[in-house]
Each structure stands twice: as structure tokens, then as C-alpha cells.
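[1] 3D, please:
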Amino acid sequence: MHNENLSKQLEFIKEIDKLKYIQRKTKIFNSNRHENDAEHSWHLAMMVMVMAEHANAPIDMLKVIKMVLIHDIVEIDSGDVFFYDTTKNHSNTDEELLAANRIFGLLPEEQAQQLIEIWKEFKAGETDDAKFAKSMDRLAPMMQNHSNNGGTWKEFNVPYQKVHNLKNYIQKGSITMWRYAESILNESLEKGYILKD
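    The predicted model follows:
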């Protein structure tokens, strides 16, 4: 039984290496190089660890770190969807659920179910843990775009109000981090990094 579990776990580890190949539209800080999903997930895990004190409510840090480390694994199958895409949105699609079941399903059943439930909780965004995890997921690209003089906002002509409307979710996880996000968004508007509506 142990060998069977180990075999499944190793297969999962090999499979998730593919996350390193999923390119995001967002570029790393002060750079023209696109970030990949694995880098994004690691960065969010560090953000959670460092900024947990700014959550609106107490969080289970280990659980939130798990959320941000696994939240994009489904993109191995479904691909990255640009946050401001007008043709395909970030809602919990059937395609993503199929991907979650396939990829996490490589693991022994108990581990697979645990990770699928954590992934679903993140996607639903209703618990304090999920709210904070999602707030970090929305904050990181804002910081990157700000550091890159507008980044994807400028590249894809995304207007201020659209960014504001989609990013104000951050306040559900952390009022403190939303105040910071709003300040860099307003500064970006003043500097012409983002379009006025």
C-alpha cells in the first residue's frame, strides 16, 4: 500500500512540474519577462506568510498557503485566463473542475480529496481563509503592473474603473492591503500607467 501511494505521489509531483510552463500575461517586477504560474504561486505563498497579520480575520496560515500553492494547478489543463479577458472569465468553469479532478486525482484518494476541497474553497472565496488567499492573488499583479509602468493595464488598454471594480475584492480579505492597492492604482492613474475611463 505504501509503495502504491508513493508511486501516485511521485506521478503527481512530475505532473505539476508543467505549471512552470504556463505563462501568465503579467510580467515580473521591473521586467519584460513574463511570469509563469509556478513563480506566481510561490510568490503568493510568501505574501501570505509575510502579510498574514493584515488579514481582516484570523486565518489558518498553512491552509491559506496550500490554497495559493495549488490554486492555479488546473491551468496545466485549462490554460491561463487573463484577468481582464472579455471572452472568457475566471469563474469556476466545468473545464477547471475536470482539470482539478484529473490532476489532484493522480494522488492517493485521501490527499486528492483534501486538495480538491481546498481548491474549491479558494474558488468559492467565501471563508476568511479563501478571502485572504484571493486578496493576495489579486494584489500581486497590481504591484507588478505598477512596477512596470502600467504593465498589462497599458498593454491591453484596461481602464481604471474596470481594474478598480475587479480588484476591490481585496478588501474582503484585507482592508489594509486594499488601501495600499488603491493608493498604487490612483498613483498609476496620475502617472498615466492606466487609462482614464
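[2] When you work out contacts or count neighbours from here on, use the C-alpha atoms and nothing else.
    Noted.
[3] Now do the SS call for residue 57.
    When classified by DSSP: H, G, I helix; E, B strand; the rest coil, residue 57 comes out as coil.
[4] Count the neighbours of it for me.
    Residue 57 has 16 neighbouring residues, counting by other C-alpha atoms under 10 Å.
[5] Am I right that it is in contact with residue 127?
    No. The criterion here is C-alpha atoms under 8 Å, and residue 57 misses it with residue 127 at 10.0 Å.
[6] And the strands in this protein, which stretches?
    Here the chain has its strands, by DSSP state E, at 23-27, 34-36.
[7] what does the longest one rub up against?
    When you say that, I think you mean strand 23-27. Outside strand 23-27, the residues within contact range by C-alpha atoms under 8 Å, 6 or more residues apart in numbering are 33-37, 80, 82, 141, 144-145, 148, 151-152.
[8] One more: the last one?
    For strand 34-36, contacts defined as C-alpha under 8 Å, 6+ apart pick out 19-28.
[9] Swap in 7 Å and give it another go.
    The contact list for strand 34-36 (C-alpha atoms under 7 Å, 6 or more residues apart in numbering) reads 20-28.
[10] any idea of the mean pLDDT in that strand?
    Averaging pLDDT along strand 34-36 yields 94.
[11] Quick one: distance of that strand to the chain centre.
    Put simply, strand 34-36 sits 13 Å off its chain's centre (C-alpha atoms, centre = their mean, to the nearest Å).
[12] quick revisit: in CSV, list the strands of the chain along with distance to residue 72.
    Listed next are these as CSV, based on distance: least, C-alpha to C-alpha, whole Å:
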stretch, distance to residue 72
strand 23-27, 11
strand 34-36, 10
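[13] Flag the shaky bits of the chain, pLDDT-wise.
    Counting by pLDDT under 70, the chain contains low-confidence residues at 1-2, 82-92.
[14] Looking at it, which helix is longest?
    Of all segments of type helix in the chain, defined using DSSP state H, the longest is helix 128-147.
[15] Go ahead and confirm residue 121 touches residue 130.
    Yes. Using C-alpha atoms under 7 Å, residue 121 makes contact with residue 130 at a distance of 6.3 Å.
[16] Find the centremost residue of the chain, please.
    Centroid-nearest residue in the chain: residue 137, 3.8 Å away (criterion: C-alpha atoms, centre = their mean).
[17] burial of residue 190, as a residue count?
    Look at residue 190: counted by other C-alpha under 10 Å, it has 12 neighbours.
[18] Among the contacts of strand 34-36, name the buried ones.
    22-28 (16 or more other C-alpha atoms under 10 Å).
[19] Those into CSV, with extra columns for distance to residue 5?
    Shown next, in CSV, are the buried ones among the contacts of strand 34-36 (distance: C-alpha to C-alpha, whole Å):
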residue, distance to residue 5
22, 27
23, 31
24, 32
25, 36
26, 36
27, 37
28, 37
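[20] Many thanks, I have nothing further to ask.
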